[in-house]
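Student: Structure, please.
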Amino acid sequence: MTKKATLQLDGVMRLVGTNETGLTTAFDVSPEHGGQNTAASPMEVFLQSAAACSGMDILSIIRKKRKTVGNLRIEIEGERAEEHPHVYTSIQVHYILTSPDASEADMHRACELSQDQYCSAFAMIKRSGCAVTWKSTVERPTA
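Tutor: Okay, here's the model as predicted:
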């Protein structure tokens, strides 16, 4: 399966990527790096993309268990190398599901399957030598 995208300059350092279906993603950098801080940086988007990839797995797994999803929040933090290239050396992920009927075990298993089997983004990251740790929490909806 081949994917294609095109990126076009849209400012001083801002780039706008367009995928094959016409959807766009903007990228920029902070003024200290020559940009105008109008969008997330490529490495920030990379981190968000990994979380989104895994999150979609988790949503699918939880829903296949016929559990109710009120919300899914993913908090992700990555440490980058001091030297160039500033690759991610470690990433910590916290998955927080709001559900009236999903158990901690349901959520843990969904996260485990995503991290160990399904998420292409985290598979690539781990293969690069980056350490990835995660935890999961289930919260009950408030009245």
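
Student: The chain - how does it break down into domains?
Tutor: Recorded structural domains for the chain (assignment: automatic domain parsing) are 1-39, 42-139.

Student: Figure out the length between the terminal residues of stretch 30-38.
Tutor: From its first residue to its last, stretch 30-38 covers 8 Å (C-alpha to C-alpha, to the nearest Å).

Student: Quick check: buried residues in it?
Tutor: For stretch 30-38, a neighbour-count test (16 or more other C-beta atoms under 10 Å) marks residue 35 as buried. Just so you know, the C-beta spots here come from the backbone N, C-alpha and C atoms, and that holds for glycine as well.

Student: contact partners of it?
Tutor: The contact list for stretch 30-38 (C-beta atoms under 8 Å, 6 or more residues apart in numbering) reads 11, 12, 13, 14, 26, 28, 29, 41.

Student: Swap in 10 Å and give it another go.
Tutor: Here stretch 30-38 makes contact (C-beta atoms under 10 Å, 6 or more residues apart in numbering) with 10, 11, 12, 13, 14, 15, 26, 27, 28, 29, 41.

Student: now swap in stretch 78-96 and tell me
Tutor: Applying C-beta under 10 Å, 6+ apart, the contact partners of stretch 78-96 are 43-44, 46-47, 50-51, 54-55, 58, 71-77, 107-108, 110-111, 114-115, 122, 125-126, 128-139.

Student: Taking the centroid of this protein, which residue is nearest it?
Tutor: residue 51 (1.9 Å; C-alpha atoms, centre = their mean).
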